[in-house]
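1. the following block contains a protein sequence and its predicted model.
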Amino acid sequence: MRSSAERARPGRGRVGAVLAAAVLALSACSANGGTEGVDGQTTSTASTTDTASPTDAATTTATPTTTTATTTTPPPPPELPGGGRTIFPTYRLVGFSGHPGSPALGRLTGDLDVAATRMAEQAVPYAEDRQVLPVFELIATVAHPFPTEEGDYSGRSSDELIQDHLDAARRAGALLLLNIQPGRADFLPEVRAYEKWLLEPDVGVALDPEWAVGPSGIPGEVYGQTTGTELDSVATYLARLVAEHNLPEKVMVYHQVAASVVVDEQLLLPHPGVVPIKSVDGIGSQAEKETTWDRLMEAKPAHVHPGFKLFYEEDLRTGGPLMTPEQVLDLTPLPEYVLYE
C-alpha cells in the first residue's frame, strides 16, 4: 500500500510542465529587470538599500531573552508505616503470624482485616511506653514433611498471596514480614526469591531455623539449625538492598525455640540499615517460657534486639493461662517484638 505522501505526489509529466513554465516566467521577468514569481506577482531584482531614519535607530532596542530555570524536587525517601525510617527505640513491634487456610500456624488467616482488628486489640497494652507498629508475619515459605517440586521439602507462596497480605498490612498500617521455613533449602536463596517484595519499604523477613533441616532431614521430625554465618549472609544481602534503594530500616527476625537451633550466633555482625531481632519461641507455662527466655538471651549478641513469642494454643497445653502483656513486659531484657501464633 502506498503512503499518503505517495498518493498525493503528481505525475512526472505534470512536474516537468510546472518547471518549464517557471523557467519561462523567470526569463521573461529578467528581461524586464524584475522577477516574476510562480504566483504571477512581480518583485524587483534591483539592489535596494533601506535607509533608517535617526529616529528609527534611536528607538530600536534589542529584546532581552528571559531564561527560566527549572528545578525538580526529588521525592521524599520512603518511610515506615508509622512514619520515620528507623524501628527502635521509637516502636515496639506486635504481630500475628499465620498462613491462609492453616489455623494451626497462627491467627493471621481468614479475613485479614478482621485479623488486623484483633491484633490491634491485643497490642493495646504494649503501647504504654512506645508506639506500637503492627506486624503481619506471613509464613511465605512453608516446610513440608514430604518432597516438593524442587525436592527441598518446602514451598513458596505465590505473588498474588503475598500481594493480598501486603495490601491488608498497609490498610492496617503494619509491616509485612515474610517468614521462611526452608526445609532442605538454604536461607539466602529463599530470601533472594522474594527480592521484588523486599524492595518495598514495609517488607522484611523472619527466618525460622527450626525448619531448616539440612540435606537429609524431614521437617517436623527433627529440629533444624542455622549458624551465625548463615544469618550474617542474609543480613549482608538485606543491607545492600537498603543502601542501593534508599530504603528505611529492614527488619530481620530469626526465631529460636532451643539452644541447638542457632549456633555460633556471635558471627552475626551488625549491618547498617538492618534490624536483627531474636525471637525466643519457648513453649509452655509462664515458668517454662521464662526459663527458655533467660537461657537463650545469654547468647544474644549485643546489637540484636529481643523478641518474644506466645502461642494461643500450645502454651495452654500444660494447663496454665497465656502470659499477659504485663508479664511479658516484665521480662529482662525488655522484648521489643512480641509475636502471637
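-> Good, I have the coordinates.
2. contacts and neighbour counts: CA atoms only from here.
-> OK.
3. strands along the stretch 51-200 of the chain, start to end?
-> Ranges of strands in the stretch 51-200 of the chain, per DSSP state E, counting those that start in this stretch, are 91-98, 131-143, 154-156, 175-180.
4. okay, angle between the second one and strand 175-180 too, please.
-> So the one you mean is strand 131-143. Compare the direction of strand 131-143 with that of strand 175-180 by axes from the mean of the first three to the mean of the last three Cα atoms, to 10 degrees and you get 20 degrees.
5. residue contacts, the nearest residue to residue 185 once chain neighbours are set aside?
-> Nearest non-adjacent residue to residue 185, counting by Cα to Cα, 6 or more residues apart in numbering: residue 152, 5.5 Å away. Contact partners of residue 152, counting by Cα atoms under 8 Å, 6 or more residues apart in numbering, are 182-185.
6. most neighbours, which of those residues?
-> Of all these, the highest neighbour tally under other Cα atoms under 10 Å goes to residue 183, namely 34 neighbours.
7. gap between the spatially most central residue of the chain and residue 170?
-> Centroid-nearest residue in the chain: residue 200, 0.9 Å away (criterion: Cα atoms, centre = their mean). In this view, residue 200 and residue 170 are 11 Å apart by Cα to Cα, to the nearest Å.
8. give me the common contacts of these two.
-> In contact with both residue 200 and residue 170: no residue, using Cα under 8 Å, 6+ apart.
9. which of the contacts of residue 152 lies closest to residue 214?
-> The nearest member of the contacts of residue 152 to residue 214, counting by Cα to Cα, is residue 184 at 4.8 Å.
10. any idea how far the closest one is from residue 149?
-> 12 Å.
11. try residue 281
-> Counting by Cα to Cα, the gap from residue 281 to residue 149 is 30 Å.
12. what is the neighbour count of residue 162?
-> Neighbourhood size, residue 162 [other Cα under 10 Å]: 18.
13. revised request: answer the last question for residue 319.
-> Using other Cα under 10 Å, the number of residues around residue 319 comes to 10.
14. repeat for the one 10 residues further on
-> Residue 329 has 16 neighbouring residues, counting by other Cα under 10 Å.
15. residue 230 too?
-> For residue 230, the tally of surrounding residues (other Cα under 10 Å) stands at 18.
16. with residue 158 instead?
-> Residues lying near residue 158 (other Cα under 10 Å) number 10.
17. on that earlier part again, do you know which of the strands of the stretch 51-200 of the chain lies nearest residue 293?
-> Closest to residue 293 of these, according to Cα to Cα: strand 91-98, at 17.7 Å.
18. partners of that closest one in the sheet?
-> Sheet pairing for strand 91-98, assigned by DSSP bridges, gives strand 131-143 (parallel), strand 337-340 (parallel).
19. so which of the strands of the stretch 51-200 of the chain is the most packed in?
-> Neighbour counts (mean count of other Cα atoms under 10 Å) averaged over each of the strands of the stretch 51-200 of the chain peak at strand 175-180, with a mean of 27.
20. returning to what we had before: mind checking the strands of the stretch 51-200 of the chain for the one nearest to residue 108?
-> Per Cα to Cα, nearest to residue 108 of the strands of the stretch 51-200 of the chain: strand 91-98, 4.3 Å.
21. ok, so of the contacts of residue 152, who is nearest residue 277?
-> residue 182 (18.6 Å).
22. list the contacts of the nearest residue to residue 249 once chain neighbours are set aside.
-> Closest residue to residue 249 apart from its sequence neighbours, by Cα to Cα, 6+ apart: residue 273 at 4.6 Å. Residue 273 makes contact with 239, 242-243, 248-250 under the criterion Cα under 8 Å, 6+ apart.
23. can you check residue 204 too?
-> 175-178, 198, 250-252.
24. closest one of these to residue 156?
-> residue 178 (10.4 Å).
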